[in-house]
Every structure is written in structure tokens, then in C-alpha cells.
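Chemist: quick one, structure for this:
(2 chains)
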Amino acid sequence: MSKRIGMEIAMAAAEAVALCRPDVIAAYPITPNTHIPEHLAEIVADGHLDCEYIAVESEHSALSACTGASAAGARVFTATSSQGLLYMYEIVPIVPSMRLPVIMCLGNRAISGPINIWNDHSDYMCVRDLGWISMFASNGQETIDMCIQAFKIGEHADVMLPVLVNLDGFQLTHVVEAMMMPDQEEVDKFLPPRKPFAAIHPDNVVSMGTLGLPDIYNEAKKANDEALINSKKVILEVWKEWEKMFGRKYEPIMSYKAKDADVVMLTMGSMGETAQVAIDELRKEGFKAGLLDLKLYRPFPADELKKALKGVKNLIVIDRAVMSGGAAAPVCAEVKSVMYDDPNRPVITNDIIGLGGRDVRVEDFKKIFKKAAAAKPERAYEIYGVRG
Amino acid sequence: MKGIIENFDLFAPKLVDKEEYYSSGHRACQGCGEALAIRLMAKALGKDTVVTNATGCMEVTATPYPTTAWKLPWVHVAFPNSASVGAGVESALKVLRRKGKIADRDVKVVSIGGDGGSFDIGFQAISGAMERGHNMIYIVYDNEAYMNTGIQRSGGTPFGASTTTRPAGKESVGNTTWKKNMAEIMVAHRVPYVATACHSYPFDFMNKVKKARKVNGPAFIHCLAVCPTGWRCPSDVCIKMGRLAVETGVFPLYEVEDGKYKMTIEMPKKLRPIEDYLKPQGRFRHLKPAEIEIFKGMAMLEYNKVLERIKHSKSWSEMMKS
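Modeler: Numbering: from 1, shown residues only, chains lettered A, B, ... in the order given. Here you go, the predicted structure:
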């Protein structure tokens, strides 16, 4: 039976990963994800988990070792943040192209420069288009749930793709929360051992990662794209199963008081919980305010978004990363692209907040909300709260 | 050569595996020393092997989808990470075997890469994998430049070689430095078995591969691989060039077991003149006598270092006793 625990979320994530019985973990230290692999190393060292823990010499090797281990049929896990993700960047797109499940926790952190160890989503945005299933947790409970779900989704025979579980650095990684931690029996029931499609072993002679010449690259990319798009079906199934087993509901876009709302904010990650408080207060003030929390970023839930925005007059997309010189911030650009052919699309404004760990308060959401509700946007996007 | 005769009983030609694990039909150039070396390596390793390959000629020529020359399980991920992919495979096979998820028998992981993928961009991954003590072999096939991308200079390029990024010219001798001593660097990692080899000495090479396979831990082989295309020599002198590299002392064949150095091919008291090695190669064609002297000095420094170590090195297990 699940147990109610109070624990730092990074450590809880490690405990959840350990319950999934990974065979190989390879990770390299970088703030703020470090407590995840550290705690896993501890669990292995204490003999609670039979696992090869590779203390690699770089993130590039962390993901490379995970790729090799996954190719050999092992269940693998890694975690990183910011520059660490950029250092492994070369390998990031290769993993999905080889259809290898690798589960990675990304303790979201701003990318340099200037160097900054605090939270925003700029690290993730660098890899969003590289073929990984990507989820964003908004609290500790979601973090541990998603970690366990990720293995089941990624290793599913119809998916075979790597999965990124995003949790905001510090705001989530270093916060102590109350969570329900499933027990080993429950996780074993939910998550069967990995059955690899092909594993690198003399009993099964295959060549993996071969050269794709122009006559096949096109087809390979199409197949990869289809695989990611089709993974949504399995994601939804797994979430349904999770809900049945643990009673916690997951949807690509979680709605908070958005059903009858005129003005809706859309957030990703830990901001959602703060925004909920703002929505409550705005409702008290008489605004028909609502919140959409994007849980699944890849594959992008376009249909769900259109459905959720039916009848909404104003949409405020809150981004936590800049798409330098782009048409809008990353989430908003995607949202606008989805809504373009919808004749009843809302007026869309875009604010970027909380860069590099800048505090995001309830008042900030309210301020943004009131401004957006009152007028049409003057600019495509705005970085909120920049001092003069 | 006396070396072959010496090793004859250890590895008589008739004992060589008839099975081809790296089959013909791959797209390597005519006279490719590296392809030959890999074929020999695969024979020496046998079927219970997993190969991880760095990006390079051997990956490009052997596995254009949907074909493959490999009859061993083989995986390629990227350029700099053959060693770390190998480390991952090794760890996975170890734990899966322990958990009873795969067959209970020894499977050796062998990571390979070229000099670019090993001396330069993959250096950190090799250092990490060897230092962590994975039960694996790393073999660098050193053809002394980035041949796959068009003969650019690498950390394995010798002095005086003209490459496309250090071309010889009015103001340039070509490459100005000597090769990184990878074997020495691996010895410094306390790798229990380190060897240099060349495809022109097939039994010596295969013996070394077999020896490396027996090590329960990391092993490293630096194999000189002649590249007629990049060295600017005819394809039919590939084997001869490898022999000349050894006989002139430019590339001595030795092994370092438990810290102790040993020459594996007996060297003549009087080495062959280095000119014999340089002359047939277009990449050295521009060298003037004074520059050849510099080449000789650099080559002899390395050669004499090896001789010194053979004389004075002691086995580590001995040295651990106080």
C-alpha cells in the first residue's frame, strides 16, 4: 500500500525510480538535479537496489552509457540539468532515433550565460524537438508518479522511446512536500520488467545505429515522428491505468476552473500551483478566470488544447524561456500555431516570467491577468518584470 | 619475420577461426589496413563479443542501412562516445546476467574508434571508461589523421605529415608535433593490459586481442592501421608500410602487462633507415633532409623511451608489496 511521506522531491524521485528496479544508472553531477542520482547511489550502496551505477566522467558519457545499456536491453535511468543537458545534446536525438527507452529526469535550470543555477525552462526548450516524450510535473506527487509512468510508457512495445520528466530546479527538486509513495508491490504490479524488442547480445546479432543515406533518412525521420505522435495513445492508456490503481488523474492538459472561464492562463511546471491561488483570488474579485496546466509537451496535445480553449476569449500563455529573436516564446509559438486555423481562437498574449529563478508570485499572475484581460496585446511577447 | 615464428605455436594460421565476423562487401577503400585489422580482431575475439563503434570510416563503410558487414552484435551511437557506449553495454550485460535475464556466459565488450575518435574527441570517454575499470577492451585503429572526413590532422598525426588542415607549404612543414603516446597514457591509467599492434603482424595483433580478452578489467590496444588513401601511397603496399613502420622503429610493437613493458616483435639491433618508411608516402614527400632529421629525432625519442621502460619497468603487483 502507498505510504504518505514527507521528503525532498529529488530524493522522492530517486525512491520512485528505485521502485522501478532500473538495471543501469549513469549520471554526472550538476545542480539542481544532483540529489536524484546521489540518493540513487545511496540506495544502491546500501544494497536496496541491484543496479550498475556508473559514475561517468561527463553528461555526454552519461547519456552514451545509458544508450549502450538500453541497447543491451537494460532498464536505464539518468538525470541532469541545464549545461549538463547541453553537454549531452549530441546524443539526445540519437536515442529516440534508435528507439531506445531511456528515462531522464531534468531538474529544469536556466542555461548559461550568464551562469545561473536556478530554475527556468530554457534547458528543456533546447531539446524539445529531438524526439523525446516530455512531461512537466508541477509538484512532488506528480514528479514521482511521472517517474514511474515514464518507464511504462517509454518501454511499451508500441512506443520504445526515451522519456523526459521535467521538474523545476529548486522550486521542486529541493522542496520538501507531502506525497503518497507507492510500495514495491504496487509498482511491480503496474510496471512489468522491460521486454526489449532487440537487445545487443551475441544470441541476437544485430547492427544498431547504422548509417542513413539520403535514400532512407527521410523515411527514418517520418517513422520517428509517427512513433512520437502515436505514443500519445499509450500515454493516455497508462495514465488511465494509473488513475485506476492510484486514484490520481493525469491528462495532457489539466484544467483548473477553466471550463466556464473567459480568460485563461496556460502554465507549465511548478508555476501552475501558484497560478491556481491567483485564479482563486481573481474569481473572488469577479473575474471568470481559469488555468490550463500543460503536463505533456511532447507529443504536443493539439486536439486537447483546442477543446480546452473552446469559448475562451483571452488566453495568456506563460512561458519560462525565451526563444531569442523568435515570433513568440516557445510554448506560445506552439499554441498559436495550433490555434491558427481555429476561427474561434482566443486573443493570445504571451508573458515570459521567472527566468533564472526570479520569484514568481501570486500578484505577478494577477497583474499579468488583469492587463491581458483589459487590452489587446501590443507586442508578440513580453518579458515580465524586467527592471529599468 | 622472427616474431611470427616465435608466436607460431601460440597462434598458428591453421588455428585461426575460419568464420568471418566482419564480412566482405563493405565499402572500405582498396588496400584499407583498418578493415583488415578489424577482420583479424573479430576473428580473434570470436562470437561472444559485442562491438561498439565510433563514427568514422569503419562505421560508414560497413553499415549503410539496410546492409551490414558485421556478424557480431554491433552498435554505433556517435563520434566521441564509443568507450562510454561500451561502458554502458558492459554494465548492462553484467547486471542482466547477474539477474538471470540473459545467458550466463562471458561476453566481451570491445569498443573501437579511429585516432580522431580516440586521441581527440573521444579521449575523455576512453579515459573515463578505462579509469573506472570496466571489463572491456578499447582498440584504437590509428591511421594518423581524420581520414573519413578527408585527411585532417589529429592528435595521432606524426611530425611532417601533410594533411588537409596542416598542409605542407612554403611556410609549413605540415604537422609540427609528434603523435600523442596513447599507450603510455593508458598505462598511466593503471590499465592492466596495454599493447601496440599493427595489421601487418597479424598473429602478434590477434594474440594481443586474445590476451586483452582474458583480462578481467580494462584493456587497451593501439593498432596502427595503414590508410593508403590518406598516406598517399599505392593500395598494394599497405602491409609493407605497416612492416616498415615497425622495422624503422617508428611504431614499435610492445605490450605492457601489469605495468611491465615487453617488446613483442624482436627489433633488429640496427633499425632500418627511416627514409625507407617515409619515401613511399606522398604525405611526407615534401620533407627536406633537415626535416627528416627532426622526424627521426622525434621517432627515436619515443622508441628509446620504450626501450628504457622495457629495461627498467617492474610489475605493479611486485611494486605493491612494501
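
Chemist: spatially, what comes nearest to residue A:159 if we skip its sequence neighbours?
Modeler: residue A:231 (4.6 Å; C-beta to C-beta, 6 or more residues apart in numbering or on different chains). To be clear about C-beta, it is placed using only N, CA and C from the backbone, and glycine gets the same treatment.

Chemist: distance of the one you found relative to residue B:37?
Modeler: 42 Å (C-beta to C-beta, to the nearest Å).

Chemist: and the longest helix seen in chain B, average pLDDT?
Modeler: Scanning chain B for the longest helix, with DSSP state H as the assignment, gives helix B:289-312. Rounded to a whole number, the mean pLDDT of helix B:289-312 is 97.

Chemist: which pLDDT value belongs to the residue nearest to residue A:9 when sequence neighbours are not counted?
Modeler: Distances taken as C-beta to C-beta, 6+ apart place residue A:140 nearest to residue A:9, at 4.1 Å, with adjacent residues excluded. With respect to pLDDT, residue A:140 has a value of 98.

Chemist: the more surrounded of residue A:231 and residue B:37?
Modeler: Ranked by neighbour count (other C-beta atoms under 10 Å in any protein chain shown), residue A:231 and residue B:37 place residue B:37 first, with 31 against 23.

Chemist: now for the closest residue in space to the more buried one that isn't next to it in sequence, how many residues are close by?
Modeler: Using C-beta to C-beta, 6+ apart and skipping the chain neighbours, the partner closest in space to residue B:37 is residue B:199 (3.9 Å). Applying other C-beta under 10 Å, we find 26 residues neighbouring residue B:199.

Chemist: next up, the contacts around residue B:199.
Modeler: Applying C-beta atoms under 8 Å, 6 or more residues apart in numbering or on different chains, we find residue B:199 in contact with B:33-34, B:36-37, B:40, B:205, B:223-226, B:239, B:242.

Chemist: let's go with 6 Å and repeat that
Modeler: B:33, B:36-37, B:242 (C-beta atoms under 6 Å, 6 or more residues apart in numbering or on different chains).

Chemist: and residue A:121, by the same measure?
Modeler: So residue A:121 contacts A:108, A:320-321 (C-beta under 6 Å, 6+ apart).

Chemist: hmm, 10 Å instead?
Modeler: When contacts are counted by C-beta atoms under 10 Å, 6 or more residues apart in numbering or on different chains, residue A:121 touches A:106, A:108-111, A:128, A:136, A:166, A:168-169, A:268-269, A:271, A:297, A:319-322, A:329-331, A:352, A:354-355.

Chemist: do the same with residue B:178
Modeler: Applying C-beta under 10 Å, 6+ apart, the residues near residue B:178 are B:157-160, B:294-295, B:297-299, B:301-302.

Chemist: repeat that for 8 Å
Modeler: B:158-159, B:298-299, B:301-302.

Chemist: and of those, the nearest to chain A?
Modeler: Nearest to chain A among the contacts of residue B:178 is residue B:302, at 27.2 Å by C-beta to the nearest C-beta.

Chemist: that closest one touches residue B:181, doesn't it?
Modeler: Yes. Residue B:302 lies in contact with residue B:181 (C-beta atoms under 8 Å); the separation is 6.5 Å.

Chemist: tell me how far the residue nearest to residue A:9 lies from residue A:130.
Modeler: 27 Å.

Chemist: now for the contacts of residue B:178: which two are most distant?
Modeler: The most widely separated members of the contacts of residue B:178 are B:158 and B:301, with 12.2 Å between them, by C-beta to C-beta.

Chemist: between those two, who's got more neighbours?
Modeler: Neighbour totals were compared for residue B:158 and residue B:301, and residue B:158 leads with 22 against 10 (other C-beta under 10 Å).

Chemist: which SS class is that one?
Modeler: coil (DSSP: H, G, I helix; E, B strand; the rest coil).

Chemist: tell me what the helix or strand residue A:238 falls within is packed against?
Modeler: Taking DSSP states H and E as the criterion, residue A:238 maps to helix A:214-246. Helix A:214-246 sits against helix A:94-97, strand A:133-136, helix A:140-155, helix A:184-190, strand A:296-298, with contacts defined as 3 or more C-beta pairs under 8 Å, 6 or more residues apart in numbering or on different chains; DSSP states H and E.

Chemist: got the ones you listed as a markdown table, with mean neighbour count columns?
Modeler: Shown next, in a markdown table, are those (neighbours: other C-beta atoms under 10 Å in any protein chain shown):
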| stretch | mean neighbour count |
| --- | --- |
| helix A:94-97 | 22 |
| strand A:133-136 | 26 |
| helix A:140-155 | 26 |
| helix A:184-190 | 14 |
| strand A:296-298 | 24 |
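
Chemist: got the ones you listed as CSV, with distance to residue A:175 columns?
Modeler: As requested, the helices and strands packed on helix A:214-246 are exported to CSV (distance: least, C-beta to C-beta, whole Å):
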stretch, distance to residue A:175
helix A:94-97, 29
strand A:133-136, 16
helix A:140-155, 7
helix A:184-190, 23
strand A:296-298, 22
